[in-house]
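Visitor: Provide a 3D model corresponding to the input given below.
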Amino acid sequence: MKHPFHLKAVWNGGRNSEGHIDAGGLKTVISIPQEMGGPGTGTNPDEMLLGAAATCYLITLAAMLERSGITPQELTLESEATVDVTNNVFTYERITHKPRIVLRADVTEAELAKTERLAHKAEQSCMISRAVAGNVTIETVPSIVTAEFDSV
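Guide: Next up, the predicted model:
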């Protein structure tokens, strides 16, 4: 089964103008980021690729944990992208995902180990990671901790 996704875009003007995109749940202004000499309004392709990779990874990880019977008390993610600009050539080099997974205080060693494996496997299973494979290096640096309960 195939699932089509659609996006409509408008860009009136030159390099330092801004445009608009509408992709159903994503409606926003777009422009070149300030770091690359643009106006920096709205979002940009670099942030959107990072957002696609991060949300795909996070949703994939949540689904894999659920299927494995592991319910995190908290699941958060920080992701960072690196874009190289050499001789006016822009290259999206790397994405690093840093998930923080908080498990219950009485988690077993086996559950901790499985959570660690799944944190890495989710990156390999995510369709966005697979789509950019060979072009962008993607790494995962998970932090898996157990919840601490305050005794009163």
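Visitor: let me see the ranges of the strands in this structure.
Guide: Remark: strands of the chain, listed N- to C-terminal, are 8-11, 19-22, 27-30, 74-86, 89-103, 137-140, 143-146; assignment by DSSP state E.
Visitor: for the lengthiest helix in the chain, packing partners?
Guide: Ranked by residue count and defined by DSSP state H, the top helix of the chain is helix 45-67. In terms of contact count using 3 or more CB pairs under 8 Å, 6 or more residues apart in numbering; DSSP states H and E, helix 45-67 is assigned the packing partners strand 74-86, strand 89-103, helix 109-125, helix 127-132. All C-beta spots, glycine's among them, are computed from the backbone N, C-alpha and C.
Visitor: now those in CSV, with mean neighbour count?
Guide: As requested, those are arranged in CSV below (neighbours: other CB atoms under 10 Å):
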stretch, mean neighbour count
strand 74-86, 13
strand 89-103, 17
helix 109-125, 16
helix 127-132, 16
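Visitor: could I get the pLDDT score of residue 149?
Guide: Residue 149 carries a pLDDT score of 56 in this model.
Visitor: thought residue 9 was touching residue 18?
Guide: No - here residue 9 lies out of contact with residue 18, judged by CB atoms under 8 Å, at a distance of 11.4 Å.
Visitor: show me the contacts for the spatially most central residue of the chain.
Guide: For the chain, the residue sitting closest to the mean C-alpha position, by CA atoms, centre = their mean, is residue 54 at 0.8 Å. Counting by CB atoms under 8 Å, 6 or more residues apart in numbering, residue 54 touches 77, 79, 95, 97.
Visitor: what's the most distant pair in the residues you listed?
Guide: Distances among those were taken as CB to CB; the most separated pair is 77 and 95, at 11.5 Å.
Visitor: gap between the closest residue to residue 9 other than its chain neighbours and residue 55?
Guide: Across the structure, with CB to CB, 6 or more residues apart in numbering as the measure, the residue nearest residue 9 apart from its sequence neighbours is residue 21 (4.8 Å). Relative to residue 55, residue 21 is positioned 16 Å away (CB to CB, to the nearest Å).
Visitor: fine, thanks again, bye for now.
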